[in-house]
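**Student:** Sequence and predicted structure are below.
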Amino acid sequence: MTSPPAAAPQASRTAREPESRASGFQANQSAAVESSVIQVQGLSKTYKTARGALHLFEELELEVEVGELVAIVGQSGAGKSTLLHILGALDTPSAGTVTCASVNVASLTAREAAAFRNREIGYVWQFHYLLPEFTAQENVAMPLLARGTRKAEALDEAANWLREVGLEDRADHRPGELSGGEQQRVALARALVCHPRLLLADEPTGDLDGVTAGRVFELIQHLHLSHGLTSILVTHNMDLAVRCTRTLRLENGRLTQITDVATKPLQDGNSC
Ligand code: ADP
């Protein structure tokens, strides 16, 4: 698990605007397969360190279909966070192609990558990274404000999202006045307030007790289903991982499939 790069949290748009998605960056027409949201081919990532090159992936391949909730498990240091960062255009591959929401993310300039994240990606981390001096409602509204949405509209939309995650009565609380589970609910609302297509969650339950972790996972399942998301969840929790539509293990630089229950519909067990 690594900390989020400085670009997070991202700003995004106020509503689904498919016609505007491609503006600001070039869609990869050749790889624009409608049923797949993510296609990774021959991915490698090398970090230069004081002790020499650190090779993380070996020609890694991944394809994620629209509507899948994919879990990625693996030992600490295997590269799970790095993979999510590359998928979410927060980091760049050393080699290979990464097509995400019909966009070749490796080809994006920094400005285009920011626009891509704004439009397409909702990101949540193990730690909530809410801004401590702002209320829950203001935190959720932040991505909308950052992209120029009027304050009243952004706050209204944030209130709707707080209701959706079961926290309408905590809107005026600052992060320090919320429980760990509530903080993650707010972080989820902030990640989704701009209606991204993809949800990338890096150990979102890793800092929570077992019961709370289960509830946050059920909320992720519920939001995933009710908003037609395609989601990738990095987790150490195998009990939760096997409840996803597919579970992959990242090991020795490659992904291997360890469960596939895609024929079984995802259960919406949300209790909020
Ligand atoms: P995981 O999420 O599976 O725990 P990470 O993706 O966070 O693994 O990290 C994989 C490996 O890459 C770790 O050994 C980590 O120390 C290293 N690493 C991560 N980011 C960098 C970086 N910016 N520079 C050098 N090494 C890095």
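**Tutor:** Structure received. Residues are numbered from 1 along each chain as shown.

**Student:** List, one by one, the residues from the protein near the ligand.
**Tutor:** Proximity of the chain to the ligand, by CB under 6 Å from any ligand atom, involves residues 1-2, 47, 49, 54, 56, 74, 76-82. No exception for glycine: its C-beta is placed from N, CA and C like everyone else's.

**Student:** Widest-spaced pair of these?
**Tutor:** Pairwise distances across those (CB to CB) peak at 20.1 Å, for the pair Thr49 and Gly74.

**Student:** ok, those two, which is more surrounded?
**Tutor:** Gly74 (19 against 8; other CB atoms under 10 Å).

**Student:** residues in contact with stretch 87-101?
**Tutor:** With contacts defined as CB atoms under 8 Å, 6 or more residues apart in numbering, stretch 87-101 is touched by 4-5, 7-8, 21, 28, 31, 36-46, 57, 59-60, 82, 84-86, 104-106, 108, 113, 116-117, 120-121, 123, 197-198, 200, 232.

**Student:** Select only the buried ones of the residues you listed in ChimeraX?
**Tutor:** Per 16 or more other CB atoms under 10 Å, the buried members of the contacts of stretch 87-101 correspond to this ChimeraX selection:
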select :4,7,8,21,28,31,36,37,38,39,40,43,45,57,60,82,84,85,86,104,105,106,108,113,116,117,120,121,123,197,198,200,232
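
**Student:** now, which of the contacts of stretch 87-101 lie within strands?
**Tutor:** Members of the contacts of stretch 87-101 lying in strands (criterion: DSSP state E): 36-44, 46, 60, 104, 121, 123, 198, 200, 232.

**Student:** Would you mind checking the residues of the chain next to the ligand for buried ones?
**Tutor:** Neighbour counting by 16+ other CB under 10 Å classes Leu56, Gly74, Ala78, Gly79, Lys80, Ser81, Thr82 among the residues of the chain next to the ligand as buried.

**Student:** can you give me the offset of the lengthiest helix in the chain from its chain's centre?
**Tutor:** When the chain is parsed with DSSP state H, its longest helix is helix 210-226. Averaging C-alpha positions (CA atoms, centre = their mean, to the nearest Å) puts helix 210-226 14 Å from its chain's average.

**Student:** Next: stretch 92-101.
**Tutor:** 16 Å.

**Student:** What's the end-to-end length of that stretch?
**Tutor:** 16 Å (CA to CA, to the nearest Å).
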